[in-house]
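In: let me see the structure of the following:
(2 chains)
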Protein chains: 2
Amino acid sequence: MPPQPIPVITVFERSPDRGKGLARDMRVRWALEEAGQAYEVRLVSFSAMKEPAHRALHPFGQIPTYEEGALTLFESGAIVFHIAEHHAGLLPDDANARARAITWMFAALNTIEPPILDLQTTRFQEADKAWYKQRLPIVEDRIRDRLRELSDRLGNADWLDGAFSAGDLMMVSVLLRLKASGLLGEYPNLSAYVARGEARPAYKRAFDAQLAVFTGNPPTG
Amino acid sequence: MPPQPIPVITVFERSPDRGKGLARDMRVRWALEEAGQAYEVRLVSFSAMKEPAHRALHPFGQIPTYEEGALTLFESGAIVFHIAEHHAGLLPDDANARARAITWMFAALNTIEPPILDLQTTRFQEADKAWYKQRLPIVEDRIRDRLRELSDRLGNADWLDGAFSAGDLMMVSVLLRLKASGLLGEYPNLSAYVARGEARPAYKRAFDAQLAVFTGNPPTG
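Out: Numbers count the residues shown, from 1 in each chain, chains lettered A, B, ... in the order given. Below is the predicted model of the structure:
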């Protein structure tokens, strides 16, 4: 076999969360670290993201993108799935368990994340509106409905379906966006679940790498 | 090989869209029809959806679910992907084209659908609020931003990346939710794209089958 090309991902030149690890490249970095796959990073400015050259890679003008030889992907869910499919450790070998792990990836992105995105959008784009204070609790309650259901399903298990999988990687990544809101703290088993994700060595390596882009200090060792 | 079990999906006993084909079981029905896979349907009432027996299948108390022998799945994205992986016709054979088709599935569900969901939630849950009329155009403009980018990428192609795939099935299904809003009509190539999806024989069979549940008249022939 020819040597595999080193994948290249795009990340914010200057992360709007100031290195808190909430940008979507973090999900891809984490998956690459779990898989033990080296990668390279290309920084993209906010203005360059909206230019034709970047839009050729990502039609919605966002990060991350993923380039591996002749293949270009966008959408963190699709990139994490691609990594999980081609490396050991992120999807179970058993066919049914694998299908269930993929189900949790989709649940994270299409059931749990949309109300969380709405909270974020509301905060960033509607904070100056007259309705902001009245509408915020409505948006938060929609998130609580989902968190309660997720908490009930997780129970006292470590991960959503047996061993850690790409489904957990995606779910933890989505839930992390709630950290500053305090909502996660209302569900102790979900808080502990997210903490288990953050405690994984691969998560820490990914986190340090994205923080280093922001601080300009590459991680040591 | 032992005979494959006939999959069973759950659908609304009485669809809130009155058979317009916008409930998420339609995506799964369409994929099964494209794959030529027979299936059975179990009707679930709104109250039964929230009971423990259904939540054991679907932690968020929704439809559709998918049961195939010992395997139970939820999330229409995951179910469609499972069908696409195990039947010909919904994912390309070429590995890179396959990864790109999967990317469009995730883009439909995590980039295009969230602002569309927000519009739907706004209409259903905030129509009686003082801010409704002022906020609605803001929500619609967020959708327009995405539609413009999607329209630019599609250009004058028939499908998003070569031949019709599960990525198109999911994108068309998501865009169909906009039909009543008039927003889709602002982007003629997207309207034509959705019409191409609706014109597929498999789509029509799936649509007729879900409508028959609502009208109580099973499709003939």
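In: CA atoms of the helix or strand of chain A with the lowest mean pLDDT as PDB?
Out: Counting by mean pLDDT, DSSP states H and E, the weakest-scoring helix or strand in chain A turns out to be helix A:113-125, with a mean of 93. Extracted C-alpha coordinates of helix A:113-125, given in PDB (Å, rounded to 0.1, in the frame of the first residue of the first chain):
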ATOM      1  CA  GLU A 113     -27.500  20.100  19.300                       C
ATOM      2  CA  PRO A 114     -30.300  22.100  17.600                       C
ATOM      3  CA  PRO A 115     -31.800  23.600  20.800                       C
ATOM      4  CA  ILE A 116     -28.300  24.200  22.100                       C
ATOM      5  CA  LEU A 117     -27.500  26.100  18.900                       C
ATOM      6  CA  ASP A 118     -30.700  28.100  19.300                       C
ATOM      7  CA  LEU A 119     -29.500  29.100  22.800                       C
ATOM      8  CA  GLN A 120     -26.200  30.200  21.300                       C
ATOM      9  CA  THR A 121     -27.800  32.000  18.400                       C
ATOM     10  CA  THR A 122     -30.200  33.700  20.800                       C
ATOM     11  CA  ARG A 123     -27.400  34.900  23.000                       C
ATOM     12  CA  PHE A 124     -25.200  36.200  20.200                       C
ATOM     13  CA  GLN A 125     -27.900  37.700  17.900                       C
END
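In: ok and the longest helix along chain A relative to helix A:113-125, angle-wise?
Out: As assigned by DSSP state H, the longest helix anywhere in chain A is helix A:132-154. Inter-element angle recorded for helix A:132-154 and helix A:113-125: 160 degrees (by axes from the mean of the first three to the mean of the last three Cα atoms, to 10 degrees).
In: going by neighbour count, list what's buried in helix A:132-154.
Out: A:135, A:139-140, A:142-143, A:146-147, A:149-151, A:153-154 (16 or more other Cβ atoms under 10 Å in any protein chain shown). In short, each C-beta sits where N, CA and C put it, glycine included.
In: could you do stretch A:103-115 as well?
Out: For stretch A:103-115, by 16+ other Cβ under 10 Å, it's A:103-115.
In: tell me if it is near chain B.
Out: Yes: contact of stretch A:103-115 with chain B (Cβ under 8 Å from any Cβ of the partner chain) involves A:103, A:105-107, A:109-111, A:113-114.
In: so which of the buried residues of stretch A:103-115 comes closest to residue B:14?
Out: residue A:111 (22.3 Å; Cβ to Cβ).
In: roughly how far does that closest one sit from residue A:143?
Out: According to Cβ to Cβ, to the nearest Å, residue A:111 and residue A:143 sit 11 Å apart.
In: ok, the buried residues of helix A:132-154 vs residue B:39, which is closest?
Out: Closest to residue B:39, out of all of these and judged by Cβ to Cβ, is residue A:153, at 25.3 Å.
In: in chain A, which spans are strands?
Out: Counting by DSSP state E, chain A has these strands, from start to end: A:8-12, A:40-44, A:65-68, A:71-74.
In: give me the helices and strands touching the first one, please.
Out: Counting by 3 or more Cβ pairs under 8 Å, 6 or more residues apart in numbering or on different chains; DSSP states H and E, the packing neighbours recorded for strand A:8-12 are helix A:25-35, strand A:40-44, strand A:65-68, helix A:201-215.
In: same thing but 7 Å
Out: Applying 3 or more Cβ pairs under 7 Å, 6 or more residues apart in numbering or on different chains; DSSP states H and E, one finds that strand A:8-12 contacts helix A:25-35, strand A:40-44, strand A:65-68.
In: what's the most buried one of those?
Out: helix A:25-35 (a mean of 25; mean count of other Cβ atoms under 10 Å in any protein chain shown).
In: tell me how far that one is from the chain's mean position?
Out: 9 Å (Cα atoms, centre = their mean, to the nearest Å).
In: same check on stretch A:62-76?
Out: 15 Å.
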